[in-house]
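>>> coordinates only, sequence not included:
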């Protein structure tokens with residue numbers, strides 16, 4: 001299903017029995033005096049955050065994913081209801097929300113993460129596999145030195161969650177059946193068409209490898225670029241979770257990394273794309289796809305990189321600064337993931353017009369499953385590498401991918417004063 005919001009309240013569109021039904025919140029509209037600012041969709045439930053940082057939920061509640069308490073008290077709810085736990089019990093303001101198949105995760109204004117709903121695969125990150133009917137605090141964002149991190153954002157796949165801290169690191173928990181947690185320590189061994197085996201270091205019980213009920217930081221120290229150089233821990237700026245794959249946009253380190261992989265300084269003018277998890281339909285963009293293709297740790301997509309010699313490690317000779325794109329330079333800006341496909345927005349320089357003038361333009365790329373045309377390529381052929389979507393010279397505000405749909409908004413962003421020149425550039 002799809003949920004969109006406008007200036008005057010919220011409109012939800014639900015696909016039922018082959019017919020599109022548009023349901024306006026006319027009878028019950030809690031958003032009339034409290035505008036919606038953020039929305040999220042699970043498989044069968046929806047959520048919205050208002051301008052007053054209140055959280056509303058509606059839809060299927062078979063696993064308590066609406067956060068309303070005992071199921072016999074609040075079964076499936078066909079209209080928005082407030083999650084009172086945050087306003088009456090702990091007095092917290094909600095700023096971010098995400099939803100999986102039957103679980104929900106939110107981030108509070110003070111940097112805490114709360115989850116509830118189905119927990120069969122540990123996707124709540126609470127250290128066990130018991131479901132929750134009320135929001136519960138997720139703890140454990142602590143590194144080996146004992147430093148505790150605040151949470152900035154959260155994204156959930158079907159049965160796993162990715163969490164971004166304010167320091168730009170990514171943590172994961174939940175199902176790891178396709179390597180979507182990005183924490184395998186070695187190449188996977190395929191057991192059958194559904195699962196992979198990842199050898200943990202040190203050796204752990206198989207259940208811990210397939211599903212992990214607590215947060216663990218994703219290590220980028222094994223990632224190398226096209227020169228073979230270790231990139232170090234990048235600063236993640238955008239990230240997304242598909243059904244069984246994960247993606248992240250990260251700014252690279254530009255100074256020598258320490259022994260612990262921590263980076264003293266980042267190039268925030270640049271952006272690289274990392275992918276991991278299931279690649280059955282080529283949704284990772286690595287150039288291959290099959291039932292048994294997985295990336296158990298983050299992999300750099302080099303075809304979307306800037307010039308090959310980026311000044312990351314104090315190089316001087318034959319080094320091109322990353323803020324000079326040239327024609328072949330690409331700076332990844334945003335990423336979104338559907339169940340089996342991926343959308344990527346990036347900046348690149350192109351020679352345009354009869355004078356071949358050089359402009360920096362925003363382009364959209366897609367890859368993965370395309371049986372319903374969700375890649376926007378004008379056909380239904382899957383793509384296993386990032387492929388440009390034909391579009392006019394516009395800027396992309398937001399990207400969105402659901403099970404088999406893709407959504408993006410276009411036009412001049414607010415910072416450009418909403419004025420377009422005659423050439424069509426913002």
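Noted; the coordinates are in hand. Model, not experiment: these values are computed from the prediction.
>>> what about residue 54, neighbour count?
Summarising burial for residue 54: neighbours were counted as other Cβ atoms under 10 Å, giving 18. To be clear about C-beta, it is placed using only N, CA and C from the backbone, and glycine gets the same treatment.
>>> what do you get for residue 34?
18.
>>> Spatially nearest residue to it (excluding sequence neighbours)?
Nearest residue to residue 34, sequence neighbours excluded (Cβ to Cβ, 6 or more residues apart in numbering): residue 50, at 4.1 Å.
>>> got a list of what residue 38 touches?
Residues near residue 38 by Cβ atoms under 8 Å, 6 or more residues apart in numbering: 48-49, 95-97.
>>> How about residue 334: which residues does it bridge to?
residue 345 (DSSP bridges).
>>> Would you check that it makes contact with residue 239?
No. If you go by Cβ atoms under 8 Å, residue 334 and residue 239 don't touch, sitting 10.0 Å apart.
>>> what sits in contact with each of the two?
Common contact partners of residue 334 and residue 239 (Cβ under 8 Å, 6+ apart): residue 249.
>>> circling back: could I get the contacts of residue 38 in TSV, plus columns for pLDDT?
Converted to TSV, the contacts of residue 38 look like this (pLDDT from 0 to 100):
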residue	pLDDT
48	95
49	96
95	97
96	97
97	97
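>>> Just the ones in strands from those residues, please.
Those of the contacts of residue 38 mapping onto strands are 48-49, 95-97, per DSSP state E.
>>> Which of these sits closest to residue 141?
Checking those against residue 141 by Cβ to Cβ gives residue 96 as the nearest, at 14.8 Å.
>>> where along the protein do the helices fall?
206-210 (DSSP state H).
>>> Show me where it dips below the pLDDT cut-off.
2-28, 73, 185-209, 221-232, 255-262, 291-292, 305-329, 353-354, 356, 392-426 (pLDDT under 70).
>>> related to what we said a few turns ago, so which of the contacts of residue 38 is the closest to residue 385?
residue 96 (31.2 Å).
>>> if I look at residue 288, how far off is residue 135?
Going from residue 288 to residue 135 by Cβ to Cβ, to the nearest Å gives 40 Å.
>>> about what we covered before: so the residue nearest to residue 34 bridges to which residues?
Judged by DSSP bridges, the bridge partners of residue 50 are residue 36.
>>> How many residues are close by the residue nearest to residue 109 when sequence neighbours are not counted?
Excluding the flanking residues, the one nearest residue 109 by Cβ to Cβ, 6+ apart is residue 93, at 4.2 Å. Other residues near residue 93 come to 14 when the count uses other Cβ under 10 Å.
>>> related to what we said a few turns ago, the residue nearest to residue 34 against residue 37, yeah?
Yes. Here residue 50 reaches residue 37: they are 6.6 Å apart, a contact under Cβ under 8 Å.
>>> Between those two, which has more neighbouring residues?
residue 50 (20 against 13).
>>> From residue 103, how far off is the more buried one?
22 Å.
>>> cool, residue 155 as well?
In this view, residue 155 and residue 103 are 12 Å apart by Cβ to Cβ.
>>> Look at those two and report which has more neighbours.
Higher neighbour count among residue 155 and residue 103: residue 103, with 30 against 26, using other Cβ under 10 Å.
>>> Bridge partners for that one, pull those for me.
Assessed by DSSP bridges, residue 103 has beta-bridge partners residue 117.
>>> thinking again about what came up before, wait, which of the ones in strands among the contacts of residue 38 is closest to residue 184?
residue 96 (27.2 Å).
>>> Is there a neighbour count for the closest one? I'd like the number.
For residue 96, the neighbour count with other Cβ under 10 Å is 19.
>>> Could you find the closest non-adjacent residue to it?
residue 107 (3.9 Å).
>>> which of the residues in stretch 52-67 are buried?
For stretch 52-67, burial by neighbour count (16 or more other Cβ atoms under 10 Å) applies to 53-61, 63-67.
>>> Pick the one among these closest to residue 42.
Residue 42 lies nearest to residue 65 out of the buried residues of stretch 52-67, by Cβ to Cβ, at 6.3 Å.
>>> sorry, back to before: quick one: the residue nearest to residue 109 and residue 57, what's the gap?
Noted for residue 93: a distance of 16 Å to residue 57, by Cβ to Cβ.
>>> Strands of the stretch 251-400 of the chain, start to end?
Ranges of strands in the stretch 251-400 of the chain, per DSSP state E, counting those that start in this stretch, are 272-278, 294-300, 330-337, 341-352, 357-368, 383-389, 395-401.
>>> Counting neighbours, show which residues of the fifth one come out buried.
Looking back up the chat, that one is strand 357-368. Applying 16+ other Cβ under 10 Å to strand 357-368 flags 361-368 as buried.
>>> mind putting those in CSV, distance to residue 177 included?
As requested, the buried residues of strand 357-368 are exported to CSV (distance: Cβ to Cβ, whole Å):
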residue, distance to residue 177
361, 39
362, 35
363, 33
364, 30
365, 27
366, 25
367, 21
368, 18
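>>> Show me the contact partners of stretch 280-292.
By Cβ under 8 Å, 6+ apart, the residues outside stretch 280-292 that reach it are 190, 193, 242, 245, 247, 273, 275-279, 293, 295, 299, 301, 303-304, 337, 340-342, 344, 367-370, 382-386.
>>> Out of the residues you listed, which end up buried?
For these, buried by 16+ other Cβ under 10 Å: 242, 245, 247, 273, 275-279, 293, 295, 299, 301, 304, 337, 340-342, 344, 367-370, 382-386.
>>> Distance to residue 351 for the ones in strands among the contacts of residue 38 - can I get that in a markdown table?
Shown next, in a markdown table, are the ones in strands among the contacts of residue 38 (distance: Cβ to Cβ, whole Å):
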| residue | distance to residue 351 |
| --- | --- |
| 48 | 44 |
| 49 | 43 |
| 95 | 42 |
| 96 | 40 |
| 97 | 42 |
